[in-house]
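Novice: next comes the sequence, and after it the predicted model I'd like to discuss.
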Amino acid sequence: MPKKVQLRRGTTAQHATFTGALAELTYDLDKSIPVAHDGATPGGFPLLRLDAAGKYPADFDLAAGKLLKINSNPVAGPRRTGWSAPTGTANRASFDTAAVTVSQLAERLKALLDDLTAHGLIGS
């Protein structure tokens, strides 16, 4: 028979005055989100950020000048500006590094720049 894990749970109002144990997880029934506790902070820390209307945001917004890190490794930071879009053909196919031509390399570079711009890491 499988084991069942059940967290303590309560409303948002109940969470506001509750101080959970260090590393305890609880569940907010009103917002349908888990809440982490540090043993000292009333209300704990909701694990998903809601917007001002109390809805889940469609996008994750990184504050200006801040870095997104995973395991202490920077993954994304402020957008790098000054790039202009290259023209020509984009190509994402593999290539032999010993035999690649300048034209093939330029096509791969264009594809990479297009992707970085589309993801918002570089651009005007």
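Specialist: Thanks, I have it.
Novice: which helix runs longest in this protein?
Specialist: Ranked by residue count, the top helix of the chain under DSSP state H comes out as helix 102-118.
Novice: report the distance from it to the chain centre.
Specialist: 24 Å (CA atoms, centre = their mean, to the nearest Å).
Novice: which outside residues touch that helix?
Specialist: When contacts are defined by CB atoms under 8 Å, 6 or more residues apart in numbering, helix 102-118 is touched by residues 83, 85-86, 88-92, 95, 122-123. Placement of C-beta: from N, CA and C, glycine included.
Novice: in that helix, what's buried?
Specialist: In terms of neighbour count (16 or more other CB atoms under 10 Å), helix 102-118 has its buried residues at 107-108, 110-111, 113, 117.
Novice: which of these scores worst on pLDDT?
Specialist: pLDDT across the buried residues of helix 102-118 is lowest for Thr117, at 88.
Novice: from Gly65, how far out is that one?
Specialist: Thr117 sits 20 Å away from Gly65, going by CB to CB, to the nearest Å.
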